[in-house]
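1. dropping a prediction and its sequence here:
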Amino acid sequence: MTDRIASDRLEKLEALRAAAIDPYPARVPQPTAIAACLEGIDARQGETVVVGGRLGQVRDFGKLRFAHLRDRTGEIQIGFRRDDLAGFWPQRKLVETADHVVVRGELGKTQKGEDTVWAHEVTLAGKCLRHPPEKWHGMKDTEARYRQRYADLFANPEVRDTFVLRSRIVQELRRYFHLLGYLEVETPILQPIFGGATARPFTTHHNTLDMPLFLRIAPELYLKRLIVGGMERVFEVGRVFRNEGISMRHNPEFTMLESYEAYADYRTIMERVEGLFAHLCTTVVGGSKVVFREVEYDLQPPFQKRAYCELLAEKNDGLDFFDGEAVLRRARELELKTDGMPLEKVANDIFEATVEDSLGGPVFVYDYPTAICPLAKQRPDDPRLAERFELFIAGMELGNAFSELNDPQDQEARFRKQLEHVDEESPSELDEDYVAALEYGMPPAGGLGIGIDRLCMLLTGSSTIRDVVLFPLLRQVKDVPIQADQDAAGDQSGEG
RNA sequence: GGGGGCGUAGCUCAGUCGGUAGAGCAUCGGCCUUUUAAGCCGCUGGUCGAAGGUUCGAGUCCUUCCGCCCUCACCA
């Protein structure tokens, strides 16, 4: 038996059909949520209920069998007694672990006092044809878990808990912005010019327009066009795509929150971020403390605030970001690449190499050098610095925010400067339409970007991004054992 | 892309020095009306990731390839 369709389960399927039982009926009795059945159950003994879900381990005593039934809301034991199930009894063994069933029965208890639905009518709702993962160890193989998340989800309940939590995090994040009067919007994912971040894009092509397109690396430039248009407070939660490496912190497509608020600056946005974390702590986390990679973090605002250049100097023997010679010297010490790179990028690499990992946080790192912030407004008192901050927690960059540059001439000049060092990560052309938008006048505004996946990692205690992404990108394979054996599985081709 | 590790039954895993391919669970058969990792008895189940090589003999040693994980690089 090398095929993954279990032959014994196929035989049962055929036996069911022979007994005129549809293993995949179009309609079944509508079940009520198991959690609702459990509510006040002690006062409801003998009440008839209908529950539905996937069948757990069956414990067979000949004329009596037990199994647990799980739906999205909870789990309850089902008791199958021969004397109550004259019609179903001959077929009882054709319905087994991992099948979907709907059971009509009465609420009761076992001799040991466990809440149980004593079945009077059993309807097979969907037959499972594959061997389910092992009952005790669950599904451990990480590759199989990611490739077959559907099995991971029912074999490992904590996986589902994580994604329920993720859903609630996003829901509460939306609610937080709605309460502040923000409007949720959607902007193009297919973009003729990519911008708003530094990253290699995915490329695609529109046939009818015969036009090359990029999958967005950030929604930033479109959202700020909306600020020009007078929408004043907008946010978007959406997928962005970066054609880069995969790691515990990186998936090629990930979810980003971006928000823009007119008449705000980066100080306002710091308050917004602190308010967001406070909101998430009370509504989702149930406290301000989270444990991530065995370290506890307290997310109670206010957060620590540290100046970028100070941190750089602290960790690098007083290094001055703007002292080119010292920067190159230090970069060589750290064995960082320097050839052909702009000095500010080298200096920032030093920052990332020496400072970031030590930022347990939560900490706002603020006032980044303007040279590495092409979309942020300069500090009026020191144009070398930009009004920008990033939020670090657990050494991870979780958020990025700035006072948005709204001077169209300055913006165009900075775009032109970017084009001097063209590489795969830089836009290939100047986004003239964005400059045109700014020329119509954008109010001063504060903008924010938060990596939702990383936020979820932190709040769910998941050490890898793949545990908060339902279907992380994996290399496609044709010949691993996970694929059904064509011969044994019959005609499995295509989905029509 | 660089470095390290791993891949054995449907699932979770052993497999010693190179010498007949193993266990538990699941499945199947038998007993059992209060179990909950049910229990007891019996059976079945293998392309040892793939290909090649060394050897009388390879799960084990060598080479190449595939996949996953970890780590570094880059980013959020």
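-> Nice, I can see it. Numbering: from 1, shown residues only, chains lettered A, B, ... in the order given.
2. where in chain A is pLDDT low?
-> Where chain A drops to pLDDT under 70, the residues are A:1-6, A:340, A:421-428, A:476-496.
3. ok, longest helix in it?
-> Secondary structure assigned by DSSP state H gives helix A:157-179 as the longest helix of chain A.
4. domains for chain A, by residue range?
-> According to automatic domain parsing, chain A comprises the domains A:2-137, A:155-303+A:361-467.
5. pick the most deeply packed of these.
-> Of all the domains of chain A, domain A:155-303+A:361-467 has the most neighbours on average by mean count of other Cβ atoms under 10 Å, namely a mean of 18. From N, CA and C alone the C-beta is placed, and that goes for glycine too.
6. please see if it touches RNA strand B.
-> Yes. Part of domain A:155-303+A:361-467 sits near RNA strand B under the criterion Cβ under 7 Å from any atom of the strand, namely A:197-199, A:242, A:244-252, A:254, A:256, A:390, A:396-400, A:449, A:451, A:453-454, A:464-466.
7. so which of these sit within strands?
-> Counted as lying in strands by DSSP state E, out of those, are A:254, A:256, A:390, A:396-400, A:449, A:451.
8. what's stretch A:356-365 in contact with?
-> A:270, A:273, A:277, A:295, A:297-299, A:303-308, A:311, A:315, A:355, A:389-395, A:397 (Cβ atoms under 8 Å, 6 or more residues apart in numbering).
9. just checking the distance from it to the centre of its chain.
-> With Cα atoms, centre = their mean, to the nearest Å as the basis, stretch A:356-365 stands 22 Å off its chain's centre.
10. next one: stretch A:54-64
-> Remark: stretch A:54-64 is offset 37 Å from the chain centroid, using Cα atoms, centre = their mean.
11. tabulate the CA atom coordinates of it in CSV.
-> Output of stretch A:54-64 as CSV, limited to C-alpha atoms (Å, rounded to 0.1, in the frame of the first residue of the first chain):
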residue,chain,number,x,y,z
ARG,A,54,-15.5,15.7,12.3
LEU,A,55,-15.3,12.4,14.2
GLY,A,56,-12.4,11.8,16.5
GLN,A,57,-11.0,8.6,17.9
VAL,A,58,-13.6,5.8,18.1
ARG,A,59,-13.6,3.6,21.2
ASP,A,60,-15.5,0.4,20.5
PHE,A,61,-17.1,-1.9,23.1
GLY,A,62,-19.0,-4.1,20.9
LYS,A,63,-22.6,-3.0,21.6
LEU,A,64,-21.5,0.5,22.6
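12. that one close to RNA strand B?
-> Yes. Counting by Cβ under 7 Å from any atom of the strand, RNA strand B has neighbours in stretch A:54-64: A:57-64.
13. can you list those residues in JSON lines and add secondary structure and distance to A:Val49?
-> JSON lines is the format used below for those (DSSP: H, G, I helix; E, B strand; the rest coil; distance: Cβ to Cβ, whole Å):
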{"residue": "A:Gln57", "secondary structure": "strand", "distance to A:Val49": "21"}
{"residue": "A:Val58", "secondary structure": "strand", "distance to A:Val49": "20"}
{"residue": "A:Arg59", "secondary structure": "strand", "distance to A:Val49": "21"}
{"residue": "A:Asp60", "secondary structure": "strand", "distance to A:Val49": "23"}
{"residue": "A:Phe61", "secondary structure": "coil", "distance to A:Val49": "23"}
{"residue": "A:Gly62", "secondary structure": "coil", "distance to A:Val49": "26"}
{"residue": "A:Lys63", "secondary structure": "coil", "distance to A:Val49": "23"}
{"residue": "A:Leu64", "secondary structure": "strand", "distance to A:Val49": "20"}
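14. pull the most distant pair out of those.
-> Within the residues of stretch A:54-64 next to RNA strand B, A:Gln57 and A:Lys63 form the most distant pair, 18.7 Å apart (Cβ to Cβ).
15. next, the residue with the largest distance to the centre of chain A: secondary structure please.
-> Residue farthest from the centre of chain A, counting by Cα atoms, centre = their mean, is A:Asp83 at 48.9 Å. Secondary structure, DSSP: H, G, I helix; E, B strand; the rest coil: A:Asp83 is helix.
16. skipping its backbone neighbours, what lies nearest it in space?
-> If the residues on either side of it in the chain are set aside, A:Asp83 comes closest to A:Lys63, at 7.6 Å by Cβ to Cβ, 6 or more residues apart in numbering.
17. still on that earlier bit, can I get the residues of stretch A:54-64 next to RNA strand B in CSV with distance to A:Val103?
-> Below are the residues of stretch A:54-64 next to RNA strand B laid out as CSV (distance: Cβ to Cβ, whole Å):
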residue, distance to A:Val103
A:Gln57, 16
A:Val58, 13
A:Arg59, 16
A:Asp60, 16
A:Phe61, 18
A:Gly62, 20
A:Lys63, 18
A:Leu64, 15
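18. return the closest of these with respect to A:Gly324.
-> Of the residues of stretch A:54-64 next to RNA strand B, the one sitting nearest to A:Gly324 (Cβ to Cβ) turns out to be A:Gln57, at 67.7 Å.
19. is it true that that closest one touches A:Ile78?
-> No. A:Gln57 lies out of contact with A:Ile78 (Cβ atoms under 8 Å); the separation is 11.4 Å.
20. could you name every residue contacting both of those two?
-> Applying Cβ under 8 Å, 6+ apart, one finds that A:Gln57 and A:Ile78 are jointly contacted by A:67-68.
21. spell out the residue ranges of the helices in the stretch 1-150 of chain A.
-> Secondary structure of the stretch 1-150 of chain A by DSSP state H, counting those that start in this stretch: the helices cover A:7-18, A:34-38, A:142-147, A:149-155.
22. just put the ones you listed in TSV and tack on distance to A:Cys373.
-> Formatted as TSV, those follow (distance: least, Cβ to Cβ, whole Å):
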stretch	distance to A:Cys373
helix A:7-18	59
helix A:34-38	49
helix A:142-147	36
helix A:149-155	38
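23. so which of these is nearest A:Ala376?
-> helix A:142-147 (36.9 Å).
24. alpha carbons of that closest one, in PDB - could you do that?
-> Provided in PDB are the C-alpha atoms of helix A:142-147 (Å, rounded to 0.1, in the frame of the first residue of the first chain):
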ATOM      1  CA  THR A 142       6.700  20.600   9.200                       C
ATOM      2  CA  GLU A 143       6.700  20.200   5.400                       C
ATOM      3  CA  ALA A 144       3.600  18.100   5.400                       C
ATOM      4  CA  ARG A 145       1.900  20.600   7.800                       C
ATOM      5  CA  TYR A 146       2.600  23.500   5.400                       C
ATOM      6  CA  ARG A 147       1.800  21.600   2.300                       C
END
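25. tell me which residues in that helix are buried?
-> Residues of helix A:142-147 classed as buried by neighbour count (16 or more other Cβ atoms under 10 Å): A:144-147.
26. now the residues you listed as TSV including distance to RNA strand B?
-> Listed next are the buried residues of helix A:142-147 as TSV, based on distance: Cβ to the nearest atom of the strand, whole Å:
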residue	distance to RNA strand B
A:Ala144	6
A:Arg145	8
A:Tyr146	6
A:Arg147	7
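27. so how far is A:Glu75 from the residue of the stretch 301-450 of chain A found nearest RNA strand B?
-> Closest residue of the stretch 301-450 of chain A to RNA strand B, Cβ to the nearest atom of the strand: A:Glu397 (3.7 Å). To A:Glu75, A:Glu397 is 39 Å away according to Cβ to Cβ, to the nearest Å.
28. cool, thanks, talk later.
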